[in-house]
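give the three-dimensional model of this entry:
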Amino acid sequence: MAAAGVEEQPPCGLCGAAAAPYTCPRCNRRLCSLGCYRGHGGCAEAFYQEQVLQALETERDPPPGRDRLTSAFRRLRQLGEAEDAAGLVDHDLWKGLSPAERAGFQRLLSSGEAATLLPAWRPWWWRQRRLVEELGKPQAGEEEEAEDDEAAASPLPLLPAVITPLSSFRAPPPSPLLPFQLPNVLFGYAFALSLHSGDETLLPELPAAILDVSAALRGRRAFASTAEALHAARYDVSVAGYPQCPLGDAGTVLAVVQILEGKEGRTDGEDVAVALLHLERLFRKGERHLPKEERRQFGNARRKCRYLLAWSREAPETLAALAEESRVVHARVAQEAAALREEVERGCGGPWRELISNRVNERLGERQLIQELN
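Alright, predicted model coming up:
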């Protein structure tokens, strides 16, 4: 889905909105948002079907059955948008698939399981080791050793050579409550990036989601503790109506811990500086996709990120304390998630992933039966 300028655009082809900065990669219909893109018809599904078929055609020694489809899906990430895919697919290739392969392919698309076959998006702060040992086994949001090279983290954004010092800002001395703004901001940052798989072309949706989740960036919200700041962000996710991001609640809090701690070999506070500079850039880019009268909130958030950046460069000991407090919150949230999962499994009689998979297959079977009867 490619972004375009906001001036002199045709209206959205689905809802009729005046500003339609996106284009469907298959039918070229102009669309105003991610919601309209997903809801405008079967184009996206058909586009991915064509790309998978093309990938299958170029496999030198394709493995049989599901592994063959998995291998093709994993090549989609290398193909990019429709503009990068050369040529059309010979539809005779579809006929060459076995009935079982065709049914399996359609089932993966219909259930949404196809997305799980692609390599997981890994943020730049991701680490290839487990970070929490208190619970004895990996819980939601924890990370284990990577199984393959496809799970490599995205590249680390660069820091500028000079960062504006805190003394340069025309502002009163920092409040004692200022440090607690940072975990709330970082939660919104990690949540929105995970929700959109790091796709920075989703503007202004991506920075808007950060604002929806971070009250510290949205307005003058003060927090009395790290726990209050993190739980407020969790609450705002539900109030805003967002689905749970791929990291989950515990995983998003863990991301805050990771950014605050920083990776080994980096200077103290470097990862925090990278996150805040990245945030500032996202808000700056998002402003360009908004009417002038709606840019003020993004501009205010951008300035808050710059102030927090200047403060954080002078407070490495405070960042370490925030990391420890965030780790305590993560342990509690992970325990709550594990207890809830165990309760659901006891009530339903099986592992939750298996139960969900069985239910999806049941619904797909019901749909296929209705189609055959009609």
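
buried set for the top helix by length along the chain?
Longest helix in the chain by number of residues, with DSSP state H as the criterion: helix 316-348. Applying a neighbour-count criterion of 16 or more other Cβ atoms under 10 Å, one finds 318-319, 322-323, 325-327, 329-331, 333-334, 337-338 buried in helix 316-348. Yep, even glycine has a C-beta here, placed from its N, CA and C like the rest.

try stretch 221-228
So for stretch 221-228, counting by 16+ other Cβ under 10 Å, buried means 223, 226-227.

residues contacting it, please?
175, 177, 180-181, 183-184, 215-216, 229, 232, 322, 325-326, 328-329 (Cβ atoms under 8 Å, 6 or more residues apart in numbering).

re earlier: give the rounded mean pLDDT of the longest helix of the chain.
The pLDDT scores in helix 316-348 average 88.

do the same with stretch 288-297
pLDDT averaged over stretch 288-297 gives 92.

how about residues contacting it?
Taking Cβ under 8 Å, 6+ apart as the rule, stretch 288-297 contacts 3, 6, 19, 21, 203-204, 211, 218, 287, 298.

now that stretch: buried residues?
289-290, 295, 297.

can I get the helix or strand harbouring residue 274 in CSV? Just the C-alpha atoms.
Assignment of secondary structure by DSSP states H and E places residue 274 within helix 270-287. Output of helix 270-287 as CSV, limited to C-alpha atoms (Å, rounded to 0.1, in the frame of the first residue of the first chain):
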residue,chain,number,x,y,z
GLU,A,270,21.5,5.2,24.0
ASP,A,271,18.5,3.0,23.3
VAL,A,272,16.2,5.5,25.0
ALA,A,273,17.7,8.3,22.9
VAL,A,274,17.1,6.2,19.7
ALA,A,275,13.5,5.6,20.7
LEU,A,276,12.7,9.2,21.4
LEU,A,277,14.4,10.4,18.2
HIS,A,278,12.5,7.8,16.2
LEU,A,279,9.3,9.0,17.9
GLU,A,280,10.1,12.6,17.0
ARG,A,281,10.7,11.7,13.4
LEU,A,282,7.4,9.7,13.2
PHE,A,283,5.4,12.7,14.5
ARG,A,284,7.2,15.0,12.1
LYS,A,285,6.3,12.7,9.1
GLY,A,286,2.8,12.3,10.4
GLU,A,287,2.2,16.0,10.5
